[in-house]
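Peer 1: Let me see the structure of the following:
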Amino acid sequence: MKHLFSAETGCLFLSLEVRKSNVFEAVKESVTTRQAAEYYGVQVGRNGMACCPFHDDRHPSMKVDRRFHCFGCQADGDVIDFTARLFGLSSKEAALKLAEDFSVHYDGKGYDPSRSRPVRRKISEELRYRQAEQKCFRVLCDYLHLLERWEKEYAPQTPEEAWNPLFLEALHKKTCTEYLLDVLLSGSLEERASIVAEHGKEVRKIEKRISEFTASRPAGRHERSRSLSAGAERL
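Peer 2: Okay, here's the model as predicted:
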């Protein structure tokens, strides 16, 4: 090996090898899988759990931190593996994409962009749909739990008591929400896709409602009622 270091070709070969590994090392040191997952649209909970984008995951089964591991489909790896799998890229393409998206600096000498295949920057339609379906399911589950809570908490205590707007919303929306969740759980692909397409806008409104309610939880019952009754009229 020593005689290689004195030869010009040996030095050049060693230099290219170091430069080649820099983008991988720089990305792994700078970006966690959780940061990449959230940046690319995967919803990650406070506990680091997320619905796996690599299989039909209804309940969060993927742990995301510096690395990722799915307890359902056993997908596992680092941030480069995650990005490569998400976008259908090679490891090198995934590392370069991460470096660009997160402004990670590395020694790019020896790399000729004109010779490489263009990096695909869009998630496949299949993964995009799967993420949309998972979001619909998650939001509707949260909304159903909220409706069940409102149905009990805001039920009139006497026949003379006026019906609270949140109680009315629970009565009006609970059955429909249960139906949508049943379709997302057991319907055909066409039926599930129809739910996602036809109710996507409504689901976004519901997600906003849930956020508003969560932010207003410290308030008293009557104050919450006033702050959310207007939102109920919009749905």
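
Peer 1: alpha carbons only for contacts and neighbour counts from here, please
Peer 2: Fine.

Peer 1: same question for the helix or strand harbouring Glu93, mean pLDDT?
Peer 2: Element membership for Glu93 (DSSP states H and E) is helix 91-101. Mean pLDDT, helix 91-101: 90.

Peer 1: and what of stretch 22-35?
Peer 2: Mean pLDDT, computed over stretch 22-35, is 90.

Peer 1: what do you get for stretch 51-64?
Peer 2: For stretch 51-64, mean pLDDT rounds to 88.

Peer 1: any idea how far that stretch is from the chain center?
Peer 2: Going by CA atoms, centre = their mean, to the nearest Å, the spacing between the C-alpha centre of stretch 51-64 and its chain's C-alpha centre is 9 Å.

Peer 1: Show residues contacting it.
Peer 2: Stretch 51-64 is contacted from outside by 33-34, 42-44, 48-50, 68-73, 75, 86, 127, 130-131, 134, 137-138, 185, using CA atoms under 8 Å, 6 or more residues apart in numbering.

Peer 1: do stretch 146-158 as well
Peer 2: Ala162, Trp163, Asn164, Leu166, Phe167, Glu169, Ala170, Leu171, Lys173, Lys174.

Peer 1: let's see 7 Å
Peer 2: Here stretch 146-158 makes contact (CA atoms under 7 Å, 6 or more residues apart in numbering) with Ala162, Trp163, Asn164, Leu166, Phe167, Ala170, Lys174.

Peer 1: which among the residues you listed gets closest to Phe24?
Peer 2: For the contacts of stretch 146-158, the closest approach to Phe24 (CA to CA) belongs to Lys174, at 49.3 Å.

Peer 1: Can I get the helix or strand harbouring the closest one as CSV, trimmed to CA atoms?
Peer 2: Lys174 belongs to helix 165-186 when assigned by DSSP H and E. C-alpha atoms of helix 165-186 as CSV (Å, rounded to 0.1, in the frame of the first residue of the first chain):
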residue,chain,number,x,y,z
PRO,A,165,-73.8,24.0,19.6
LEU,A,166,-71.1,21.4,20.3
PHE,A,167,-73.7,18.8,21.4
LEU,A,168,-75.6,19.5,18.2
GLU,A,169,-72.4,19.1,16.2
ALA,A,170,-71.8,15.8,17.8
LEU,A,171,-75.3,14.6,17.0
HIS,A,172,-75.1,15.8,13.4
LYS,A,173,-71.5,14.6,12.6
LYS,A,174,-70.9,11.5,14.6
THR,A,175,-72.7,9.0,12.3
CYS,A,176,-71.1,10.4,9.2
THR,A,177,-67.6,10.4,10.7
GLU,A,178,-68.0,6.8,11.8
TYR,A,179,-69.1,5.8,8.2
LEU,A,180,-66.0,7.6,6.7
LEU,A,181,-63.7,5.8,9.1
ASP,A,182,-65.4,2.4,8.3
VAL,A,183,-64.7,2.9,4.6
LEU,A,184,-61.1,3.9,5.2
LEU,A,185,-60.6,0.8,7.4
SER,A,186,-62.3,-1.8,5.3
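
Peer 1: what about the helix or strand that that helix is followed by, distance to the chain center?
Peer 2: Counting by DSSP H and E, the element after helix 165-186 in chain order, helix or strand, is helix 189-216. Centroid separation for helix 189-216 versus its chain: 15 Å, with CA atoms, centre = their mean.

Peer 1: helices or strands up against helix 189-216?
Peer 2: Applying 3 or more CA pairs under 7 Å, 6 or more residues apart in numbering; DSSP states H and E, one finds that helix 189-216 contacts helix 125-153, helix 165-186.

Peer 1: Count the neighbours of Tyr39 for me.
Peer 2: Per other CA atoms under 10 Å, the neighbour tally for Tyr39 reads 12.
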